[in-house]
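Enquirer: how does the following fold in three dimensions:
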Amino acid sequence: MNDARTIRVLIADDHLIVRQGLRLILETEPGFDLVGEAENGAEALRLCAERQPDVVLMDLRMPVMDGLAAIEHLHQEQPHISVVILTTFNEDDLMRRGLQAGARGYLLKDTDRRTLFDTIRAAVRGETLLRPDILARLLSPSETPAATTARQAARGESLALSEREMEVLQAVARGERSKEVAARLGISERTVKAHLASIYNKLGVDSRAAAIATAAQKGLL
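Expert: Sure thing, here's the model as predicted:
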């Protein structure tokens with residue numbers, strides 16, 4: 001984010017009408033600057049390298065390169081750029097994979113503009129803001145034998161999270177910011193960030209969204 005605190009946004013969606021709608025919404029909201037539009041994942045990567053947005057609104061289903069592949073590349077090559085998935089498809093598996101790949105938020109295209117802006121701002125702060133219905137589905141993995149096995153393995157594995165780390169993780173899953181977690185638990189914000197770093201290390205992730213998605217898949221939430 002620059003000194004004027006204007007958030008630079010890039011849209012990646014193969015539907016012109018969606019891009020036009022998002023452009024209109026962004027252009028009428030102070031503090032946001034639309035810096036580019038892409039029709040597919042490959043074009044999104046090229047424009048990100050050229051224009052360095054703060055956030056990419058990324059559709060998952062696009063030609064040439066889909067959004068999931070684009071998120072993976074972007075997370076490896078330009079991890080300072082945040083990604084918010086914006087899709088019409090209400091698919092739990094894609095949601096988890098997208099968050100685990102590095103996206104910091106997930107919105108359906110029927111979301112209201114306030115939630116859209118709040119989610120973008122949270123992503124720029126390095127935080128995760130998931131809509132309640134999406135969070136509820138994310139935290140309720142299907143009870144398949146594989147899921148049950150994963151749950152049991154997670155609870156018994158040697159790198160289990162400590163009680164305080166679980167408190168921090170649960171707070172983050174509820175969408176609380178670091179300062180809010182610190183205030184509620186009576187610890188410093190720096191300590192919260194240290195706990196988050198430990199959680200990321202144990203789960204093999206590097207973002208709040210990925211930690212939530214992975215912990216949910218492992219049955220820790």
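
Enquirer: so which residues of this structure form helices?
Expert: For the chain, the helices defined by DSSP state H cover 16-27, 41-51, 67-77, 92-101, 113-124, 132-138, 145-156, 163-173, 178-185, 189-203, 208-217.

Enquirer: how far out from the middle of the chain is the fifth one?
Expert: Meaning helix 113-124. 11 Å (C-alpha atoms, centre = their mean, to the nearest Å).

Enquirer: now the shortest one
Expert: Helix 132-138 sits 13 Å away from the centroid of its parent chain (C-alpha atoms, centre = their mean).

Enquirer: hmm, back to that, and among the helices of the chain, the most buried is which?
Expert: Scoring the helices of the chain by mean neighbour count under mean count of other C-beta atoms under 10 Å gives helix 208-217 as the most buried, with a mean of 25. Any C-beta I mention is one placed from the backbone N, CA and C, and that applies to glycine too.

Enquirer: by mean pLDDT, flag the weakest helix or strand of this structure.
Expert: helix 145-156 (a mean of 47; mean pLDDT, DSSP states H and E).

Enquirer: OK, contacts around the residue most central in space within the chain?
Expert: The residue lying closest to the centre of the chain (C-alpha atoms, centre = their mean) is Arg104, at 1.6 Å. Shown in contact with Arg104 (C-beta atoms under 8 Å, 6 or more residues apart in numbering): 82-84, 122-123, 126-128, 207-209.

Enquirer: can I get those in a markdown table with pLDDT?
Expert: A markdown table is the format used below for the contacts of Arg104 (pLDDT from 0 to 100):
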| residue | pLDDT |
| --- | --- |
| Ser82 | 94 |
| Val83 | 95 |
| Val84 | 95 |
| Ala122 | 88 |
| Ala123 | 90 |
| Gly126 | 82 |
| Glu127 | 81 |
| Thr128 | 78 |
| Ser207 | 83 |
| Arg208 | 85 |
| Ala209 | 82 |
